[in-house]
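Peer 1: Fold the following for me, if possible:
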Amino acid sequence: QVPLVESGGGLVQAGGSLGLSCAGSERTFSTWTMGWFRQAPGKEREFVAAIGWKGGSTVYRDSVKGRFTISRDDHNHTVYLQMNSLKPEDTAVYYCAADDWPIATMKAPEDYDYWGQGTQVTVSS
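Peer 2: Model prediction:
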């Protein structure tokens, strides 16, 4: 198992900002892609963003482009998701995941190898 631990969720008003962090291990931060997914009540888990090895590639779902930024600090084995201009429809449990592939592409959840426990993000209107 590769432990991934998310933090930084919470409650924010629409238009506000939140930053999520995901602490991994040296293994996941060697050549792996790190991704963020989210799952709202009654909905399937969906891709949000991913960042490849050494930050050389990033990809976002259309609905968060220009508002969310994914980044990684390989020295500290941490990946971040900065979320700005939040909307009520961004409300979900956000999950960090690791993919044993160095290039970030938009993949399905089943293509990722390891997952964190999730952190709740709630955006009030």
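Peer 1: State whether Ile123 and Ala14 are indeed in contact, as I suppose.
Peer 2: No, residue 123 isn't Ile; it's Val. Yes. Between Val123 and Ala14 there is a contact under C-beta atoms under 8 Å: 5.6 Å. (C-beta placed from N, C-alpha, C; glycine too.)
Peer 1: Overlap of the contact sets of the two?
Peer 2: Both Val123 and Ala14 are in contact with 86-88, where contact means C-beta atoms under 8 Å, 6 or more residues apart in numbering.
Peer 1: Going through these, which ones are buried?
Peer 2: Leu86 (16 or more other C-beta atoms under 10 Å).
Peer 1: In CSV, list the shared contacts of Val123 and Ala14 along with secondary structure, distance to Thr105 and pLDDT.
Peer 2: Listed next are these as CSV, based on DSSP: H, G, I helix; E, B strand; the rest coil; distance: C-beta to C-beta, whole Å; pLDDT from 0 to 100:
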residue, secondary structure, distance to Thr105, pLDDT
Leu86, coil, 25, 98
Lys87, coil, 25, 98
Pro88, helix, 29, 97
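Peer 1: Looking at Val123 and Ala14, which is more packed in?
Peer 2: Val123 (19 against 14; other C-beta atoms under 10 Å).
Peer 1: show me what contacts the more buried one?
Peer 2: Val123 makes contacts with 11-14, 16, 86-91, as judged by C-beta under 8 Å, 6+ apart.
Peer 1: What separation do you get for it and Glu26?
Peer 2: Computed with C-beta to C-beta, to the nearest Å, the distance linking Val123 and Glu26 is 34 Å.
Peer 1: Could you check how far Cys96 is from Pro102?
Peer 2: Per C-beta to C-beta, Cys96 is found 17 Å from Pro102.
Peer 1: need the helix or strand of this structure with the lowest average pLDDT.
Peer 2: In the chain, the helix or strand scored least confidently by mean pLDDT, DSSP states H and E is helix 28-31, which has a mean of 74.
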